[in-house]
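# Prediction below, plus the sequence it came from.
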Amino acid sequence: MKAFFYLDAMIKANLVKSLFLLALVTMIACQTGGEDINWVDQDLLEYGVPITIQMPDSADIKVMDWGVQKDITVIGEDWYNLQVFSSRASTHNKSKLKTELLSAVQQGSYFSEVTLDEEDGFIFEMQIDTLLNYDFRHVKIQGDQEYVFQAGMSGTYTREQVEKLYEISKAAR
């Protein structure tokens with residue numbers, strides 16, 4: 001009987017150690033490492049878009065030209081994934097364009113709420129089951145071209161990550 005209690009205590013002790021180690025590894029893995037990113041201002045003119053944005057120096061830029069629209073995707077380390085759509089301006093009224101984008105987003109089946117609403121952009125929350133994800137739209141109109149910024153489509157983002165991408169989009173020139 002003593003051997004059973006001793007074995008039971010050893011198993012519990014090993015379980016506690018294993019859970020502690022798992023928690024420690026999880027906390028380390030969840031660190032964003034954002035402080036280590038080397039930021040640069042990148043001119044996208046060589047990709048056909050006369051805009052300069054802030055991005056990690058090691059970011060990869062991909063361009064898809066659909067004829068009527070260009071899709072520029074910038075993928076960097078960790079969470080950085082920014083998408084810019086460039087096309088002929090449908091209007092020169094940024095507020096109207098933003099309102100059209102907001103209406104389209106609100107009709108999405110996973111739309112939950114708008115967390116920031118400005119004249120030329122917005123941040124919104126989506127809920128898929130119990131998972132929250134954030135995205136944004138920011139518009140710029142230069143000459144006869146309109147640019148719509150959003151988080152890259154291939155990721156999930158926290159509110160803080162989307163807020164940073166939104167600020168980068170607002171600062172684009």
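Nice, I can see it.

# and residue 157, backbone torsions?
Torsion angles at residue 157 (phi, psi; degrees, to the nearest 10) stand at phi -130, psi 150.

# Could you list the paired strands of the strand ranked longest in the chain along with their orientation?
Secondary structure assigned by DSSP state E gives strand 131-142 as the longest strand of the chain. Note on strand 131-142: by DSSP bridges, its sheet partners are strand 121-128 (antiparallel), strand 145-151 (antiparallel).

# For it, buried residues please.
Within strand 131-142, the residues scored as buried using 16 or more other CB atoms under 10 Å are 133-141. For the C-beta atoms, the positions are set from N, CA and C on the backbone; glycine is no exception.

# how about the helices of this protein, start to end?
Ranges of helices in the chain, per DSSP state H, are 2-29, 94-106, 159-171.

# Name whatever forms a beta bridge with residue 87.
The partner residues for residue 87, given DSSP bridges, come to residue 69, residue 146.

# which residues sit against the longest strand of the chain?
Residues outside strand 131-142 that contact it (CB atoms under 8 Å, 6 or more residues apart in numbering): 50-51, 89, 91-92, 94, 97-98, 101-102, 105, 110, 112, 115-116, 120-127, 146-151, 156-159, 161-162, 165-166, 169-170, 172.
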